[in-house]
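# Return atomic coordinates for the entry below.
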Amino acid sequence: MISGKFAITLHILTLLSKFPDDFLSSEYIAGSMNMSAVLVRKEIANLKKHAVVESKEGKNGGTRLLKPAAQITLDAIFKMTFDKVSLGYSKNTPNPDCPVGKQINQNLDYLYDDINQKISSTLHTITLEAFTSRF
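Next up, the predicted model:
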């Protein structure tokens with residue numbers, strides 16, 4: 001299902017790309033997002049796992065990008081946050097004797113695969129640097 005995880009991750013990375021030489025604290029990032037620093041640190045942990053950011057602890061600690069924003073596509077960010085987009089399925093099990101019910105989930109899967117390809121194709125053409133330049 002769709003969540004705000006991509007938007008949260010993109011917000012973090014956009015802030016980091018605006019200040020590429022600085023280590024930004026999770027509190028600073030959380031202040032920009034108006035959310036808990038704990039949730040920010042959770043997303044930063046995911047970004048560290050994907051080798052996109054580095055962090056240091058201490059008084060002047062924080063997080064910064066590991067590579068230039070020009071080398072990070074929005075598609076790569078999307079794939080760090082989602083396996084794929086799904087708009088969901090009915091909570092009820094469809095009737096297997098119905099010509100629609102017996103094939104609805106399979107055809108939704110085809111639709112969702114097509115949507116994911118289109119999302120990926122579009123996001124692959126946009127770098128974090130290009131997105132950040134809008135601010």
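
# Quick one: mean pLDDT for stretch 111-118?
Mean pLDDT, computed over stretch 111-118, is 94.

# for stretch 80-88, same thing?
83.

# what's the answer for stretch 22-41, then?
Stretch 22-41 comes out at a mean pLDDT of 95.

# could I get it in PDB with only the CA atoms?
Extracted as PDB, the C-alpha positions of stretch 22-41 are listed here (Å, rounded to 0.1, in the frame of the first residue of the first chain):
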ATOM      1  CA  ASP A  22      27.300  19.600   6.800                       C
ATOM      2  CA  PHE A  23      26.300  16.800   9.100                       C
ATOM      3  CA  LEU A  24      22.600  17.600   9.900                       C
ATOM      4  CA  SER A  25      21.200  16.400  13.200                       C
ATOM      5  CA  SER A  26      18.100  14.300  13.300                       C
ATOM      6  CA  GLU A  27      16.500  17.000  15.400                       C
ATOM      7  CA  TYR A  28      17.100  19.600  12.700                       C
ATOM      8  CA  ILE A  29      15.700  17.300  10.000                       C
ATOM      9  CA  ALA A  30      12.700  16.500  12.200                       C
ATOM     10  CA  GLY A  31      12.100  20.200  12.700                       C
ATOM     11  CA  SER A  32      11.900  20.700   9.000                       C
ATOM     12  CA  MET A  33       9.500  17.800   8.700                       C
ATOM     13  CA  ASN A  34       7.500  18.600  11.800                       C
ATOM     14  CA  MET A  35       7.800  15.100  13.100                       C
ATOM     15  CA  SER A  36       9.600  13.000  15.700                       C
ATOM     16  CA  ALA A  37      13.400  12.700  15.500                       C
ATOM     17  CA  VAL A  38      12.900   9.000  16.400                       C
ATOM     18  CA  LEU A  39      11.100   8.500  13.100                       C
ATOM     19  CA  VAL A  40      13.700  10.500  11.200                       C
ATOM     20  CA  ARG A  41      16.500   8.300  12.700                       C
END
